[in-house]
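Engineer: just to be clear, the model below is a prediction. Sequence and coordinates:
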Amino acid sequence: MTMTTIILESDDIVPVLISGVIVRVFSTVGVFVTSGTTNVDGEVVFDFPDADYDLLFFKLSVSPNSGMPQRITVNAADTDDPPNTFKVIAHITSQPESVDPMLCRISGTIRGANGTGSKDIRLNLGMCPELAILEGIVIAPQDIVEVRPDNNGYYEFDLLRKMRYRVYFPQLNDLFRIEPAMVYGIVPDLPAISLTDFLFPVPVNAEFESLVLALTAGDEPDDSIECEITYSDGSVNLDGRRPVPPTFTNVKAISSDEDIADVVFQVDKVCITPKAAGVVNITIERIVSDQYITYDPLPAFVTQTLVVTVT
């Protein structure tokens, strides 16, 4: 018998482990073998004879991206680390979604200064660049598209996935000291995104290209380590669609001991100046300027740690 682990993970911009998913296991000829339910870590563990198995997954609003059934091969000689561990990516439906695979549905509410929904705040959107060819289909250039809410200030509209839009607020003279009032909205390759994340994304994750680095004290600053910043709209700083961060937010690199090494964040890399022998931890900190925006509560922000050894 071979211990076999199934892990359910969401396809969200910041993935989460999915608990409470019933996993039913069948032989390849459709004979039921056993079933289990994923725990708080998104895992369910079985003890199987080596063979091929078909998996079916059941939880309201959760659907595996690869469809069902999903076939796995259990093999005691598996050399993966960890062995016989199968990650299944699934989609969680939590807001209105587009049924067109080329489109993403954007939904949410804008309220007036008195806290009630406003039907008078419209958005004007222009595709950037003006012409695109997606999956062999020409997306014709067009004038600005106007989007209006319902009487309660609720918006629900579709835009092309993986495209960037200029979003204008025609009722405002400026926004974040930019004239005319405009932000860049980046559409993820997902069936849905909230209006808030589309208009005002913030960093939610920081990942280093490598988690260890060795330097020599007194050497020139080192900028060999890329750092990928993921925003709540799904864009990343290494993506051509996210050439600059939104005006109201940014990130900075933090050194746990500046006497050993200084660090600055530069677009998509950390630049580290080794100063003295020792070990220092480099992390990333999110900055959201209250000069421009009040954002409460902020989405969680997760950063990896880069361990730098200076000799």
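Structural biologist: Right, received. Where do you want to start?
Engineer: which helix or strand contains S63?
Structural biologist: According to DSSP states H and E, S63 maps onto strand 62-64.
Engineer: beyond that strand, next helix or strand please.
Structural biologist: strand 70-74.
Engineer: may I have the strands that pair with that following strand, each with its orientation?
Structural biologist: Take DSSP bridges as the rule and strand 70-74 pairs in its sheet with strand 51-58 (antiparallel).
Engineer: show me where the stretch 201-311 of the chain has strands.
Structural biologist: Using DSSP state E, counting those that start in this stretch, the strands of the stretch 201-311 of the chain run over 203-208, 212-215, 222-231, 249-255, 261-266, 269-274, 278-288, 302-303, 306-310.
Engineer: make JSON lines out of these and add distance to D78, mean pLDDT and mean neighbour count.
Structural biologist: For glycine as for every other residue, the C-beta is placed from the backbone atoms N, C-alpha and C. Formatted as JSON lines, the strands of the stretch 201-311 of the chain follow (distance: least, C-beta to C-beta, whole Å; pLDDT from 0 to 100; neighbours: other C-beta atoms under 10 Å):
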{"stretch": "strand 203-208", "distance to D78": "27", "mean pLDDT": "93", "mean neighbour count": "21"}
{"stretch": "strand 212-215", "distance to D78": "27", "mean pLDDT": "97", "mean neighbour count": "16"}
{"stretch": "strand 222-231", "distance to D78": "30", "mean pLDDT": "94", "mean neighbour count": "19"}
{"stretch": "strand 249-255", "distance to D78": "39", "mean pLDDT": "95", "mean neighbour count": "18"}
{"stretch": "strand 261-266", "distance to D78": "40", "mean pLDDT": "96", "mean neighbour count": "19"}
{"stretch": "strand 269-274", "distance to D78": "36", "mean pLDDT": "96", "mean neighbour count": "22"}
{"stretch": "strand 278-288", "distance to D78": "34", "mean pLDDT": "96", "mean neighbour count": "18"}
{"stretch": "strand 302-303", "distance to D78": "30", "mean pLDDT": "91", "mean neighbour count": "16"}
{"stretch": "strand 306-310", "distance to D78": "30", "mean pLDDT": "97", "mean neighbour count": "20"}
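Engineer: among these, which is nearest S19?
Structural biologist: S19 lies closest to strand 302-303 among the strands of the stretch 201-311 of the chain, at 19.0 Å (C-beta to C-beta).
Engineer: bridging residues for the spatially closest residue to D223 that is not a sequence neighbour?
Structural biologist: The shortest distance from D223 to any non-neighbouring residue, by C-beta to C-beta, 6 or more residues apart in numbering, is to C271 (4.3 Å). Counting by DSSP bridges, C271 is bridged to V264.
Engineer: thought D222 was touching C271, still the case?
Structural biologist: Yes: counting by C-beta atoms under 8 Å, D222 is a contact partner of C271 at 7.1 Å.
Engineer: what's the neighbour count on A181?
Structural biologist: If you count neighbours by other C-beta atoms under 10 Å, A181 ends up with 16.
Engineer: could you report the separation of it from T109?
Structural biologist: Going from A181 to T109 by C-beta to C-beta, to the nearest Å gives 19 Å.
Engineer: what do you get for P149?
Structural biologist: 7 Å.
Engineer: now for those two: what residues contact both?
Structural biologist: Applying C-beta atoms under 8 Å, 6 or more residues apart in numbering, one finds that P149 and T109 are jointly contacted by 117, 155.
Engineer: okay, those two: which has more neighbours?
Structural biologist: Taking other C-beta under 10 Å, P149 and T109 do not tie; P149 has more neighbours (21 against 16).
Engineer: show the pLDDT at that one.
Structural biologist: Per-residue pLDDT puts P149 at 92.
Engineer: that one against G112, yeah?
Structural biologist: No: P149 is beyond contact range of G112, at 11.0 Å (criterion: C-beta under 8 Å).
Engineer: so what's in contact with those two at the same time?
Structural biologist: With C-beta under 8 Å, 6+ apart, P149 and G112 have common neighbours 118, 121.
Engineer: mind listing what the closest residue to F301 other than its chain neighbours touches?
Structural biologist: Nearest non-adjacent residue to F301, counting by C-beta to C-beta, 6+ apart: R286, 4.6 Å away. Counting by C-beta under 8 Å, 6+ apart, R286 touches 202-203, 249-251, 298, 301.
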